[in-house]
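Visitor: Build the 3D model from these lines:
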Amino acid sequence: MTTPLKDLLNDVIKRYGLEHAIIREQMPRIWAQMVGPRIAGISEVRSFENGVLNVRVREAAWRSELMLRRELLRNQLNTDLGSEIVKEIIVR
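Guide: This is a model prediction of the structure:
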């Protein structure tokens, strides 16, 4: 019996602890999909390290709005990711 390639890749990812590295690289795409094109256009994921997502927002009004909604956004990200990966969102 052969093992599907998807299962083999998932095993390698888990064995070497690469889950967080993969999510870190995908976070700009994940963020853009979650917030939609308008907010994605004025924001930029600067980094995602140790559960802290740093987002730069170019417009002051949207920066304030996202700061107020940080917890809601964090919960939505974690729901989408299926785990409590994002511990904090810093908006600057």
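Visitor: OK, contacts around the closest residue to residue 66 other than its chain neighbours?
Guide: Here the nearest residue to residue 66 in space, its sequence neighbours aside, is residue 91; by Cβ to Cβ, 6 or more residues apart in numbering that works out to 4.8 Å. C-beta here means a position set from N, CA and C on the backbone, and glycine is covered the same way. Contacts for residue 91 were tallied using Cβ atoms under 8 Å, 6 or more residues apart in numbering; they are 55, 57, 63, 66, 67, 70.
Visitor: What score does residue 91 have for pLDDT?
Guide: Per-residue confidence (pLDDT) for residue 91: 97.
Visitor: what's the spacing between it and residue 19?
Guide: Between residue 91 and residue 19 the distance is 25 Å, computed by Cβ to Cβ, to the nearest Å.
Visitor: Compute the mean per-residue pLDDT across the longest helix along the chain, please.
Guide: Using DSSP state H to define each element, the chain has its longest helix at helix 19-42. Averaging pLDDT along helix 19-42 yields 93.
Visitor: Name the next helix or strand following that helix along the chain.
Guide: Moving toward the C-terminus from helix 19-42, the first helix or strand encountered (DSSP states H and E) is strand 43-49.
Visitor: Relative to that following strand, what are the paired strands and their orientations?
Guide: strand 52-57 (antiparallel) (DSSP bridges).
Visitor: Please work out the average pLDDT along the strand it pairs with.
Guide: The average pLDDT within strand 52-57 is 98.
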